[in-house]
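>>> everything below, folded, please.
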Amino acid sequence: MKNMIFVTTLSLFIFAQPTLSMAKDMKCACYTPAVGGLEAGSKGGYKLKCNETYSQPGVSDVSVHESKAKIKVKKNEQIQSDSDMNMDIRPRDDGNCIWGVIDKVASPDKNYPAKGGSHCTGTGWKTYGKFKLTSSDGNMVAKFGIQTTKKTYGGTIIYGIQNGTKVMVAACLENK
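You can find the predicted model right below:
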């Protein structure tokens, strides 16, 4: 019953978000009980597709990748008690670099680069931190942008509120 209420609330949240992130189609890793609500809640030009699932937040790292970038939310970042979150980002191959990462909540109109500078190894992760979480309909969302050598991606991390705690229900990256 708790998961049903949680997923229903999450569906209402997504329907109320016409500009969830900069992306159109989003490839996501989703918390299994939230999959139906996330995919059914796709609206306003944003289609969330749960390509991967995880059964319990905070147990193992969750990652999503596209052709030129990969994000990872470590297990200790999936359950939040504060107002920001960290994630690891890396390029998908050695011929590609991450040139900039932007917190689209803290700086919605800022251009690249922002955090970090270039990062050009396809096997090494770099931690980017303090992405602000914004509240909407009782849920929390981090929005970000990643500029690589060859493509620019939008993304979002969605946290639902369960028993007063922010629990990650999806990590999404623009599907390009």
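
>>> buried residues in the helix or strand containing residue 171?
Using DSSP states H and E, the element containing residue 171 is strand 165-174. Applying a neighbour-count criterion of 16 or more other CB atoms under 10 Å, one finds 166-174 buried in strand 165-174. C-beta here means a position set from N, CA and C on the backbone, and glycine is covered the same way.

>>> how far does it sit from the chain's center?
Remark: strand 165-174 is offset 5 Å from the chain centroid, using CA atoms, centre = their mean, to the nearest Å.

>>> start the count at 413, not 1, going forward
Okay, residue one is now 413; in that scheme the one you just asked about reads as strand 577-586.

>>> and it, what does it pack against?
Applying 3 or more CB pairs under 8 Å, 6 or more residues apart in numbering; DSSP states H and E, one finds that strand 577-586 makes contact with strand 437-443, strand 459-466, strand 474-477, strand 481-485, strand 491-492, strand 564-574.

>>> give me that answer again for 7 Å
On a contact count with 3 or more CB pairs under 7 Å, 6 or more residues apart in numbering; DSSP states H and E, strand 577-586 meets strand 437-443, strand 474-477, strand 481-485, strand 491-492, strand 564-574.

>>> pull the CA atoms of the last one into PDB?
To tie it back to what came earlier, the one meant is strand 564-574. Only the C-alpha atoms of strand 564-574 are listed here, as PDB (Å, rounded to 0.1, in the frame of the first residue of the first chain):
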ATOM      1  CA  THR A 564      25.200  17.900 -25.000                       C
ATOM      2  CA  TYR A 565      22.800  16.000 -22.700                       C
ATOM      3  CA  GLY A 566      20.100  17.100 -20.200                       C
ATOM      4  CA  GLY A 567      19.300  14.900 -17.200                       C
ATOM      5  CA  THR A 568      17.400  14.700 -14.000                       C
ATOM      6  CA  ILE A 569      17.500  12.800 -10.700                       C
ATOM      7  CA  ILE A 570      14.000  12.300  -9.200                       C
ATOM      8  CA  TYR A 571      13.500  11.800  -5.400                       C
ATOM      9  CA  GLY A 572      10.100  10.800  -4.000                       C
ATOM     10  CA  ILE A 573       9.300  11.400  -0.300                       C
ATOM     11  CA  GLN A 574       8.700   8.200   1.600                       C
END
